[in-house]
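**Q** Quick one: sequence plus predicted model below, questions after.
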Amino acid sequence: MYNEKVMNEFKSPSNVGEVENANAVGQVGNASCGDIMKITMRIEDGIIQEVKFQTYGCAAAVATSSIATKMIKGKTIDEALELTNQEVIDELGGLPAQKIHCSVLAEGAIKAAIKNYLENYKKENPTA
Amino acid sequence: MKVYLDYAATTPVDDRVFEAMRPYYTDVFGNANSVHSYGQEAAAAVDNARRTIAECINAKRTEIYFTSGGTEADNWAIKGMAVRYKAVTGRNHIITSAIEHPAIIESVKYMSKHGFDVTFLPVDEGGIVRPEVLEKAITDKTVLVSVMAANNEIGTIQPIKELAKIAHAHGAFFHTDAVQAMSSMKMDVRDLDVDLMSFSAHKFYGPKGIGVLFVKSGVKPDKFMIGGHQERTMRGGTTNVPAVVGMAEALRLTVKEMDENNATIKAARDHFLDRIRKEIPNIRINGSLDSRVPGNANVTFEYIEGESLLLSLDLAGIACSSGSACSSGSLEPSHVLMAIGVPVEISHGSIRFSFGKHTTLADVDYVVDELKKAVERLRKMSPLTR
């Protein structure tokens, strides 16, 4: 059902947990649909210094969370905002058709976290 | 270590069954419909098998019809009875339960597109159809009532005898899908007084691709698989002789060894439940434990999603199922768990463990040990864990 890369990410995911002193938090999905992804980040000078995830969902959801956090770590927020679910799928070497929606979740969680950061930033720097 | 806990999905063919089947693939290969000696030898084997199966369920030989499995038998029972008896009696109402196998649910839905009214009976929180619920739903337009003998996801046993009595009191026929019941329950069609009953061999250590529709003498569903003169013209298609022979031997052994196997299986299942109740927090055991086949445990693990758990266990060599095998690939929560009131937001974390005659207590201990690790790992990863 899943390729080796996906299974490896599922078996030993990177960046599991919550970033301490996170300044960007994004959560998408709901339990009724069977998947929730929460991403926390520490963004400094527009660069994602730290990123971690917590995911409730299938193996594809875990694997996409893991790979997506690896893809954006150390990147600027503009670069991270450009990440598409197709790039996440490609990086995993493909996902079964019925699991494509899981990769959309990863993209959504990242965008939600950055949006949260930008809103916080505006509040703290009203003149910026 | 490898442990198979998915006996409700399918079972391995018993060695003795396989040996009984073997000659019918190579030496006795004739078409049971042929007049020559090759055919007649095969026909004799089919007759013997039919007699054995009839004896096992207390039916007459002429009441046993071979099919390709449980799904075909269910389709035939629903569609054949609905079409035939609407024409004869004008009745156009079918009653079934909310927790049936998709073979029944989809067949009934199909009939609802062809002029039939359909009622899905709710179940209580234990997963049992209460007879009084049928009593309220049945009318003088009801042509057929179909309720499964035991549920495939949560293993709950339905009060078939009482339900059949109610159906008959209102002039309706009664069918039961006994696919999940055959391996652990003595199904006596006379005592239960059912008009039709479906089952398939691969759930009781027989081959896949073969099943039976029992049809009581005098009950006449329309033909479903139309073709040659097989099965007294009621079901066309060359008889799958080795599979028929295998099913008969499998059922004979199942009935003969049932008490012993049930005791072993129940001991394994109960040991599993005892341990997980003590050792894994935030779980929910789904379905009544009082009225349930011995080999089923259905457990919801809060804060985690079933497929992740299924795959984690698979990596440890453990095979089980989320809901039912037929539901995998679907994103919808299980209709059975919804019917017994499992909250939708935790229903995705439900796993069916089904135990069989080869399951040992050592297997169970290994599974619980691995299950604890997998649940802990996934809960650590979950944003829902409190």
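**A** Looks like it came in fine. This structure is a prediction, so every number in the text was calculated from the model and none was measured. Numbers count the residues shown, from 1 in each chain, chains lettered A, B, ... in the order given.
**Q** contact partners of the lowest-mean-pLDDT helix or strand in chain A?
**A** In chain A, no helix or strand scores lower on mean pLDDT, DSSP states H and E than helix A:100-124, which sits at a mean of 91. For helix A:100-124, the surrounding residues in contact (Cβ atoms under 8 Å, 6 or more residues apart in numbering or on different chains) are A:23-29, A:35, A:37-41, A:43, A:53, A:57-58, A:60-61, A:64-65, A:67-68, A:72, A:77, A:80-81, A:83-86, A:88-89, A:92, A:95, A:128. Just so you know, the C-beta spots here come from the backbone N, C-alpha and C atoms, and that holds for glycine as well.
**Q** can you list the residues of chain A near chain B?
**A** Within chain A, the positions near chain B by Cβ under 8 Å from any Cβ of the partner chain are A:2, A:7, A:10-11, A:13, A:16, A:27, A:30-38, A:54-59, A:61-62, A:98.
**Q** how much space between residue B:90 and chain A?
**A** Counting by Cβ to the nearest Cβ, to the nearest Å, the separation of residue B:90 from chain A is 43 Å.
**Q** which ones are touching that residue?
**A** Listed by Cβ under 8 Å, 6+ apart, residue B:90 has no contact partners.
**Q** wait, isn't residue B:340 in contact with residue B:123?
**A** Yes - with contact defined as Cβ atoms under 8 Å, residue B:340 counts as touching residue B:123 (6.2 Å).
**Q** Can you pull the residues that touch both of these two?
**A** residue B:99.
**Q** Can you verify my assumption that residue A:57 contacts residue A:35?
**A** Yes - contact criterion Cβ under 8 Å: residue A:57 and residue A:35 qualify, at 3.2 Å.
**Q** Same drill for those two, tell me which one is more crowded.
**A** It is residue A:57, of residue A:57 and residue A:35, that has more neighbours when counted by other Cβ atoms under 10 Å in any protein chain shown, with 29 against 25.
**Q** ok, how many other residues are close to the residue of the stretch 201-350 of chain B found nearest chain A?
**A** Nearest residue of the stretch 201-350 of chain B to chain A, counting by Cβ to the nearest Cβ: residue B:345, 3.5 Å away. Neighbours of residue B:345 under the rule other Cβ under 10 Å: 17.
**Q** Identify the residues contacting it.
**A** Applying Cβ under 8 Å, 6+ apart, the residues contacting residue B:345 are A:30-32.
**Q** on that earlier part again, buried ones in the least confident helix or strand of chain A, by neighbour count?
**A** For helix A:100-124, a neighbour-count test (16 or more other Cβ atoms under 10 Å in any protein chain shown) marks A:101-114, A:116-117 as buried.
**Q** Stretch B:308-315 now?
**A** Under 16+ other Cβ under 10 Å, the buried positions of stretch B:308-315 are B:308-313.
**Q** Would you mind checking which of those is nearest to residue B:43?
**A** The closest of the buried residues of stretch B:308-315 to residue B:43 turns out to be residue B:310 (Cβ to Cβ; 44.7 Å).
**Q** Test my guess that that closest one contacts residue B:304.
**A** No - using Cβ under 8 Å, residue B:310 is not in contact with residue B:304; the gap is 10.5 Å.
**Q** how about the residue in the stretch 101-250 of chain B that chain A sits nearest to, secondary structure?
**A** As assessed by Cβ to the nearest Cβ, chain A sits closest to residue B:153 within the stretch 101-250 of chain B, at 16.7 Å. Following DSSP: H, G, I helix; E, B strand; the rest coil, residue B:153 is assigned to coil.
**Q** now the helix or strand hosting residue B:255: how far from the chain's centre is it?
**A** Assigned by DSSP states H and E, residue B:255 falls within helix B:241-256. Centre-to-centre, helix B:241-256 and its host chain are 17 Å apart (Cα atoms, centre = their mean, to the nearest Å).
**Q** can you pull the buried residues of it?
**A** Neighbour-count burial for helix B:241-256 [16+ other Cβ under 10 Å]: B:241-255.
**Q** Against residue B:157, how distant is the closest residue to residue A:30 other than its chain neighbours?
**A** Spatial nearest neighbour of residue A:30, excluding adjacent residues (Cβ to Cβ, 6 or more residues apart in numbering or on different chains): residue A:36 at 6.3 Å. Distance of residue A:36 to residue B:157, given as Cβ to Cβ, to the nearest Å: 36 Å.
**Q** Local confidence estimate at residue A:128?
**A** On the pLDDT scale, residue A:128 is placed at 63.
**Q** Same question for residue B:326.
**A** Residue B:326 is assigned 42 on the pLDDT scale.
**Q** just the one 5 residues further on next, same as before
**A** Here the pLDDT value assigned to residue B:331 is 64.
**Q** where's residue A:14, which helix or strand?
**A** Using DSSP H and E, residue A:14 falls within no helix or strand.
**Q** can I assume it is in contact with residue A:66?
**A** Yes - in this structure residue A:14 lies within contact range of residue A:66 using Cβ under 8 Å: 5.2 Å.
**Q** Check which residues of the helix or strand just after the helix holding residue B:255 are buried.
**A** The first helix or strand that comes after helix B:241-256 along the chain, using DSSP H and E, is helix B:258-279. Across helix B:258-279, burial judged by 16+ other Cβ under 10 Å covers B:258, B:261-262, B:264-269, B:271-273, B:275-276.
**Q** where does the chain have low pLDDT?
**A** Because you didn't say which chain, this covers chain A. Scanning chain A for pLDDT under 70 picks out A:128.
**Q** Please refer instead to chain B.
**A** B:323-331.
**Q** and it, which residues reach chain A?
**A** Checking chain B against chain A by Cβ under 8 Å from any Cβ, the hits are B:303-305, B:307-308, B:311, B:315, B:329, B:331, B:333, B:344-346, B:348, B:380-384.
**Q** switch the cut-off to 6 Å
**A** B:305, B:307-308, B:311, B:344-345, B:348, B:381-384 (Cβ under 6 Å from any Cβ of the partner chain).
**Q** Export those to TSV and append columns for distance to residue B:370 and secondary structure.
**A** Shown next, in TSV, are these (distance: Cβ to Cβ, whole Å; DSSP: H, G, I helix; E, B strand; the rest coil):
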residue	distance to residue B:370	secondary structure
B:305	18	coil
B:307	16	helix
B:308	14	helix
B:311	12	helix
B:344	28	helix
B:345	26	helix
B:348	21	coil
B:381	17	helix
B:382	18	coil
B:383	24	coil
B:384	22	coil
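**Q** Just the buried ones from those, in PyMOL syntax?
**A** A single PyMOL command is used to select the members of the residues of chain B next to chain A judged buried by 16+ other Cβ under 10 Å:
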select buried, chain B and resi 305+307+308+311+344+345+348+381+382+383+384
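**Q** Of the residues of chain B next to chain A, just say which sits nearest to residue B:196.
**A** residue B:344 (34.0 Å).
**Q** wait, the closest one sits on residue A:32?
**A** Yes - the pair formed by residue B:344 and residue A:32 meets the contact definition of Cβ atoms under 6 Å, at 4.8 Å.
**Q** what's the neighbour count on residue B:126?
**A** Using other Cβ under 10 Å, residue B:126 has 16 other residues around it.
**Q** So which of the buried residues of helix A:100-124 is the closest to chain B?
**A** Of the buried residues of helix A:100-124, the one sitting nearest to chain B (Cβ to the nearest Cβ) turns out to be residue A:101, at 8.1 Å.
**Q** Check the gap between the closest one and residue A:4 for me.
**A** In terms of Cβ to Cβ, residue A:101 sits 22 Å off from residue A:4.
**Q** circling back to that earlier point, nearest to residue B:213 among the buried residues of helix A:100-124?
**A** The closest of those, once distances to residue B:213 are taken by Cβ to Cβ, is residue A:101, at 39.7 Å.
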